[in-house]
Structure formats: structure tokens, C-alpha cells
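Undergrad: fold the stuff below for me.
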Amino acid sequence: MIADEAELRKAVELARLIVREAERGARWPSPALILNRGARTRKAMRTGKRAGAMPPIVTVIIFVAAVVAAALAAYFIYATTAKGTRQVMLTVIGQPTLYAGQQGGVELRVTFKNDGTADVDLAESKIYVQDKDKKAVEFTIVLAKDESALLRPGDSKALKYEATDTDITLDRFPDGAMATLQTRDGYQTSFAVVKP
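TA: Residues are numbered from 1 along each chain as shown. Here you go, the predicted model:
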């Protein structure tokens with residue numbers, strides 16, 4: 001506001017100078033030269049503002065903000081792409097088979113292969129097999145002590161699952177019954193089982 005008042009004062013003084021000189025009949029070199037000079041000193045007028053320049057700290061702040069924004073965008077793109085391309089894809093090798101357990105009950109033997117790009121841990125996984133009454137019978141994994149059920153991409157592993165209900169018999173399941181594997185991470189795959 002103060003700079004505007006000072007410029008207005010200078011413009012009024014310049015107008016008065018022009019009028020006085022015009023009354024005296026003075027000849028001016030050019031209008032552009034007149035408008036660029038002060039009223040009394042005839043020096044170039046100066047204002048308190050710097051035209052077209054930014055303080056260095058503003059430039060640094062803008063540069064840092066641009067670098068941070070670019071880094072965040074790159075991380076977001078990388079993270080979503082990496083997550084989207086790393087997936088589990090379990091396939092069944094051979095034919096999963098139901099057997100009568102040695103101590104009663106029913107057991108299921110199946111070999112899984114991880115054809116995906118991410119690891120899958122089958123520890124605590126469950127398989128649900130459909131019986132003749134269309135009810136799901138739960139089978140839990142049986143692992144030896146210190147045995148791992150981790151499948152890395154390209155790995156395969158033969159596993160044994162036992163029915164949680166030990167009173168169940170092999171006759172309760174039809175040949176070609178549908179089964180669904182469910183991991184603790186929520187991955188699911190379905191396949192058919194047979195009896196010997």
C-alpha cells in the first residue's frame with residue numbers, strides 16, 4: 001500500500017513537471033524517456049518491489065517439495081506394481097486321494113506346486129471336502145516336528161491332511177468329491193479328490 005502511494009505521488013509530480021515544461025515551451029526528447037525518470041532528479045524511478053525475482057529460500061522450498069512429491073509418486077507406483085505382480089498360484093500335481101487312516105478316520109494326500117511369484121505358507125491350512133450329503137468335512141494339515149509347509153515360487157510339496165472328525169469313514173465321500181484348500185492368508189483353490 002505504501003509503495004503504491006509513493007508511485008502515485010511520483011506520477012503526480014511528473015505530471016506537474018510536464019505541464020510546467022509545456023507551458024514554458026520546452027521540447028522533450030521522447031515520451032518514453034520522460035515516463036522513466038523521476039520528477040525532480042530526472043533519474044530512473046525505483047520502486048520497493050523486485051520484478052520477476054523470488055527469494056532464494058522460496059526456490060529451495062519449491063525444489064525440495066518437487067523432489068519429495070516425485071519420490072512419493074515413484075514409491076506408490078513401485079509398491080502397487082510389485083504387490084500386483086507378486087501373487088500365489090497353487091496347482092495340484094497328480095490326483096489327490098482319500099485313504100482310510102491307520103488309527104481310524106480319513107486322511108487326504110495331496111501334492112501342491114506354487115506356480116506363482118509369491119511365497120505361500122500352508123501351515124495351519126485346511127481343506128474342506130464335500131461328502132455325499134453335500135456337507136463340508138474339515139481336514140487339517142499334519143506336519144512332522146520342525147517340518148515347514150512354506151512353498152516358494154516353483155516349489156512343490158506332498159502333504160497329508162486328516163479329518164478333524166475321527167469317527168468319519170471313507171464310505172461317506174463320493175469318488176470325485178470337490179475339495180477346497182484355504183490358507184490362513186485367505187488364499188483358496190478347489191480340486192477334485194478320488195478314493196483308491
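Undergrad: quick check: A158 touching T97?
TA: No - the pair A158 and T97 does not pass the contact test of CB atoms under 8 Å, sitting 11.1 Å apart. Bear in mind the C-beta positions are built from the backbone N, C-alpha and C, glycine included.
Undergrad: who has more neighbours out of the two?
TA: Counted by other CB atoms under 10 Å, A158 and T97 do not tie: T97 has more neighbours, with 13 against 10.
Undergrad: next SSE after the helix or strand that contains that one?
TA: Using DSSP states H and E, T97 sits within strand 90-100. The first helix or strand that comes after strand 90-100 along the chain, using DSSP H and E, is strand 106-114.
Undergrad: give the buried residues for that next one.
TA: Residues of strand 106-114 classed as buried under the neighbour-count rule (16 or more other CB atoms under 10 Å) are V106, E107, L108, V110, F112, K113, N114.
Undergrad: ditto for stretch 165-173
TA: Using 16+ other CB under 10 Å as the test for burial, stretch 165-173 gives I168, R172, F173.
Undergrad: need these in TSV with secondary structure and distance to M89, can you?
TA: As requested, those are arranged in TSV below (DSSP: H, G, I helix; E, B strand; the rest coil; distance: CB to CB, whole Å):
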residue	secondary structure	distance to M89
I168	coil	31
R172	helix	31
F173	coil	27
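Undergrad: where's the residue sitting furthest away from the middle of the chain relative to L17, distance?
TA: Relative to the centre of the chain, and counting by CA atoms, centre = their mean, the farthest-placed residue is R24 at 78.4 Å. When distance is defined by CB to CB, to the nearest Å, R24 is 11 Å away from L17.
Undergrad: name the next helix or strand downstream of the lowest-mean-pLDDT helix or strand in the chain, please.
TA: Least confident element among the helices and strands of the chain, by mean pLDDT, DSSP states H and E: helix 31-35 (a mean of 48). Stepping forward along the backbone from helix 31-35, the first helix or strand reached (DSSP H and E) is helix 56-85.
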